[in-house]
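# Give me a 3D structure for the following:
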Amino acid sequence: EVQLVESGGGLAQAGGSLRLSCAASGFTFGDYVIAWFRQVRGSAREGIAGISRSDGTTYYEDSVKGRFTISSDNAKNTVYLQMGSLKPEDTSVYYCAAGSTDWTPYPEEYQYWGLGTQVTVSS
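Okay, here's the model as predicted:
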């Protein structure tokens, strides 16, 4: 059974940091791009960062570039999203997803999803 489980969300102050984790199981991790998305209720799901598990190449959308860092621990089948310089507009539910294509910020290209973790940033 394929599973992606996010953790690490919570409440942070503006300017602070949080680290999200995405633990994966049930599929060959190295064959997929792992990405982080976020979604505010009523808005589209936004792809913000991704990592190619085959060569470790990372990708970021402009909204988080320079503030967020995606990384992976192959031994633990876990991908992390280190979030820094948080802003109130980063408040969202954060999801990790696995896709078999190259990085893309479009959610329809990803086959597997976690249930999400809430991040709230106070001003």
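# From now on I want contacts and neighbour counts done on CA atoms only, so please keep to that.
Fine.
# What is the end-to-end distance of stretch 86-98?
Start-to-end span of stretch 86-98 (C-alpha to C-alpha, to the nearest Å) is 25 Å.
# Over it, what's the mean pLDDT, rounded is fine.
The pLDDT scores in stretch 86-98 average 97.
# for that stretch, which positions count as buried?
For stretch 86-98, a neighbour-count test (16 or more other C-alpha atoms under 10 Å) marks L86, K87, D90, T91, S92, V93, Y94, Y95, C96, A97, A98 as buried.
# List the residues that contact the nearest residue to the third one once chain neighbours are set aside.
On the basis of C-alpha to C-alpha, 6 or more residues apart in numbering, the spatially nearest residue to D90 that is not a chain neighbour turns out to be V121, at 6.6 Å. V121 makes contacts with L11, A12, Q13, A14, L86, K87, P88, E89, D90, T91, as judged by C-alpha atoms under 8 Å, 6 or more residues apart in numbering.
# nearest to G116, of those?
Taking C-alpha to C-alpha as the measure, G116 lies nearest T91 of the contacts of V121, at 12.8 Å.
# Who is V119 paired with across the strands?
Per DSSP bridges, the residues bridged to V119 are G10, S92.
# what's the burial count for it?
Neighbour count for V119, taken as other C-alpha atoms under 10 Å: 20.
# got it, and D62?
D62: 10 neighbours (other C-alpha under 10 Å).
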